[in-house]
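Chemist: Got a predicted structure here, sequence first:
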Amino acid sequence: MNRVTDLRPTLTLSEQRLSQLVFCRLVCFDYVCLLVCITSDVRQQLSEQLRCLDARLDGHVTLLGDLHDFYRRRSEVELEYSRSMDKLVRQVASRHKPERHRLYLLLLLLLFLVSSVV
């Protein structure tokens, strides 16, 4: 046998199990520490992303509010415009109504004259 192996202390079965258990606990502890570090990194990244999304959402809400105000005001302007156009049409139509009546009478007279000549 090799001299180095001869110098190793021999462990009993319970000591070997205890050694394995301690080793497993150390490995588990390292694993848990690694998970905690990874979890805290992920949590930090997620919180940064959430802040960015909140800022973006606030910007979109502001934009939608502005668009809502714009289209509300636009509908008011268009309603006012349509009322003004209706008023103008009525004014022009009332001014030319007698002329239309005269033209209609003239047309009837011409038809009468043409029909009487034939």
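Modeler: Yep, that arrived. Numbering: from 1, shown residues only.

Chemist: what about the residue nearest the centre of the chain, which helix or strand?
Modeler: By Cα atoms, centre = their mean, the mean C-alpha position of the chain lies nearest to residue 60, the distance being 6.6 Å. Using DSSP states H and E, residue 60 maps to helix 13-117.

Chemist: I'd like the distance from that helix to the chain centre, please.
Modeler: Put simply, helix 13-117 sits 8 Å off its chain's centre (Cα atoms, centre = their mean, to the nearest Å).

Chemist: Quick one: mean pLDDT over that helix.
Modeler: Averaged across helix 13-117, the pLDDT comes to 83.

Chemist: tell me which strands and helices it is in contact with?
Modeler: Here helix 13-117 touches no other helix or strand, going by 3 or more Cβ pairs under 8 Å, 6 or more residues apart in numbering; DSSP states H and E. Heads up, the C-betas are built off the backbone N, CA and C, glycines and all.

Chemist: what about residue 111, neighbour count?
Modeler: 10 (other Cβ atoms under 10 Å).

Chemist: I'd like to know how far it sits from residue 35.
Modeler: Distance, residue 111 to residue 35, using Cβ to Cβ, to the nearest Å: 102 Å.

Chemist: try residue 16
Modeler: 28 Å.

Chemist: With residue 93 instead?
Modeler: Taking Cβ to Cβ, one finds residue 93 at 84 Å from residue 35.

Chemist: Counting neighbours, what do you get for residue 106?
Modeler: Residue 106, neighbours per other Cβ under 10 Å, totals 10.

Chemist: mind listing what it touches?
Modeler: For residue 106, the contact set (Cβ atoms under 8 Å, 6 or more residues apart in numbering) is empty.

Chemist: cool, the one 10 residues further on as well?
Modeler: Contacts for residue 116 were tallied using Cβ under 8 Å, 6+ apart; there are none.

Chemist: 273 is where my numbering starts, stick with that
Modeler: All right, first residue 273 from here; so that's residue 388.
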